[in-house]
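A.B. asks: Using only what follows, build the 3D model:
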Amino acid sequence: MSSDLLVDLAEDPPTPQIETLKLSPMDDPQWPPDLSVCSKSETDISRLDATSPHLPWNHEFYDIARHHIIEVAGDDNFGRKVIVFNACRMPPHHQLDHQKLLKYLKETLDKYVESDYTLIYFHHGLTSENKPSLGWLRDAYREFDRKYKKNIKALYIVHPTMFIKTLLILFKPFISFKFGRKINYVSYLSELEDVLKCDQLTIPARVTEYDNKLRASIKPSSQPPMSPARSPPLPEQVFGVPLPLLRQRSPDGDPVPALMTDTITFLLAQGGLDIEGIFRRSANVTLVKQVQLRYNSGEAVSFSEMEDIHLAAVILKTFLRELPEPLLTYDLYDSIVQFSSVPIDEQPVEMKKMLESLPEENYACLRYLMTFLAQVSANSEVNKMTNSNLAVVFGPNLLWGQNAAMSLGAIGPINTFTRSLLDQQHLVFT
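C.D. replies: The predicted structure follows:
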């Protein structure tokens, strides 16, 4: 175990006064720049900024967001939003306002706490130089009231050390039994594959390197499984398959995959529009895996035989998230992130032009989905799913950057575009 992680619990540096905090440049030589590893290539902070734009420099939380400590990574395998906290990206104490970091974390969670969500904490890189005080951690836990704890379904602590395990023992009097059951230790990155696809995450290079060292230090016979390599789609596979291929397999050449019509038809027929918080709740984990396996094996799926109406909603979101390329495509990513600069009276025409550049399958699926979501929103007095709420749920499943993880600065404009699309869909899809 790396000695720099065995932080003495008694070694609790005083919390700096706000007035003494210094906003360091990103290339501060006293703190090594973070190198992040994604499924494509290694990338430094400057490239990370370009692919995942954070908040504008004059935003209240710019000095926090620029470090990419907190990220949003779409949905996990069970339809829950994923929030990631990277300890190794926390700069030294004098360069970070921890109270402001807490506010930024709460602002991030505020967008998702009405839905089920998952929190992933990468612990490696927390040292005596950058760890917050125990008092701050205690106060932070108390700050997160039932509003935040109710819908968190799991907290995954990746690469736990004796420090973090001891800390949780010390905090046991403050942590409810119910919340304690949601805490999971993850020893190796490959174990996260049971929760989500790791290429959704922009995993810091320091974390990946540490994971490799852990693997190298154990006997070959005890090696944990590596993350599964991407394999060619099975003959009947549905999840993770390009839309044109699904259309080729369709007996009538329908550009809208059967899975989308199955789930949406079921939700319309079985009163899904009357379910409060539809698309915000997760589903039974075992059932989600069973349904995915059935679709990928070419078996018929009957949602009416399963007693969980949220299952169809989760499967629909999961299908969209697992497309090899997002429904709104990488080509439109920059235009959508910058869409707010388009004058409001020109937005419907501009959206129409952008969407008509989509491949035929993407356009047909998007139109079908938006028509359905308009029906959901029309019943928002009952289901509480307004266009704004639907945009928060579906935005990250319709578009993501090529490194898949997104900062709040990127996810905000994507959700705003989705909201505008829902508001104007009757003008855009004519």
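A.B. asks: so how far is the longest helix along the chain off the chain centroid?
C.D. replies: Criterion DSSP state H: the longest helix present in the chain is helix 408-428. Its chain's C-alpha centre and that of helix 408-428 lie 18 Å apart, by CA atoms, centre = their mean, to the nearest Å.
A.B. asks: Likewise for stretch 162-170?
C.D. replies: With CA atoms, centre = their mean as the basis, the mean position of stretch 162-170 lies at 27 Å from the chain mean.
A.B. asks: Please spell out which residues along that stretch are buried.
C.D. replies: Within stretch 162-170, the residues that count as buried by 16 or more other CB atoms under 10 Å are Phe163, Ile164, Leu167. In this view, the C-beta of every residue, glycine as well, is placed from N, C-alpha and C.
A.B. asks: Ok, stretch 87-103 next?
C.D. replies: For stretch 87-103, a neighbour-count test (16+ other CB under 10 Å) marks 87-93, 95-98, 101-102 as buried.
A.B. asks: least trustworthy position among these, going by pLDDT?
C.D. replies: Looking at these by pLDDT, the weakest one is His93, with 84.
A.B. asks: Check the gap between that one and Thr166 for me.
C.D. replies: 21 Å (CB to CB, to the nearest Å).
A.B. asks: How is the protein divided into domains?
C.D. replies: 3-222, 243-428 (automatic domain parsing).
A.B. asks: In CSV: those, plus distance to Glu236.
C.D. replies: Shown next, in CSV, are those (distance: least, CB to CB, whole Å):
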stretch, distance to Glu236
domain 3-222, 20
domain 243-428, 3
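A.B. asks: Can you check which of the ones you listed gets nearest to Gln237?
C.D. replies: Closest approach to Gln237 among these (CB to CB): domain 243-428, 4.6 Å.
A.B. asks: Once you drop chain neighbours, what's closest to the residue sitting nearest the centre point of the chain?
C.D. replies: Ranked by distance to the mean C-alpha position of the chain (CA atoms, centre = their mean), the top residue is Ala73 at 2.2 Å. Nearest residue to Ala73, sequence neighbours excluded (CB to CB, 6 or more residues apart in numbering): Val82, at 4.2 Å.
A.B. asks: surely the one you found meets Leu196?
C.D. replies: Yes. Contact criterion CB atoms under 8 Å: Val82 and Leu196 qualify, at 6.0 Å.
A.B. asks: Could you tell me which residues touch both of those two?
C.D. replies: Ala73, Gly74, Asp75, Asp76, Thr118 (CB atoms under 8 Å, 6 or more residues apart in numbering).
A.B. asks: So which of those residues is the closest to Thr108?
C.D. replies: Ranked by distance to Thr108 (CB to CB), the shared contacts of Val82 and Leu196 are led by Ala73 at 11.8 Å.
A.B. asks: What does the pLDDT read for that closest one?
C.D. replies: On the pLDDT scale, Ala73 is placed at 81.
A.B. asks: Give the next helix or strand downstream of the strand or helix carrying it.
C.D. replies: Assigned by DSSP states H and E, Ala73 belongs to strand 70-75. Downstream of strand 70-75, the next assigned helix or strand under DSSP H and E is strand 81-86.
A.B. asks: got the end-to-end distance for stretch 397-414?
C.D. replies: By CA to CA, to the nearest Å, the extent of stretch 397-414 from end to end equals 10 Å.
A.B. asks: and if you look at stretch 327-343?
C.D. replies: First-to-last distance for stretch 327-343 - CA to CA - comes to 25 Å.
A.B. asks: Phe78 reaches Val288, doesn't it?
C.D. replies: Yes. Assessed by CB under 8 Å, Phe78 is found in contact with Val288 at 5.3 Å.
A.B. asks: which residues are in contact with both of those two?
C.D. replies: Common neighbours of Phe78 and Val288 (CB under 8 Å, 6+ apart) are Val314.
A.B. asks: re earlier: now, which of the buried residues of stretch 87-103 lie within helices?
C.D. replies: Among the buried residues of stretch 87-103, the members falling in helices (DSSP H) are His98, Leu101, Leu102.
A.B. asks: And for the second one, nearest residue in space, chain neighbours not counted?
C.D. replies: The spatially closest residue to Leu101, leaving aside those adjacent along the chain, is Ile64, at 5.5 Å (CB to CB, 6+ apart).
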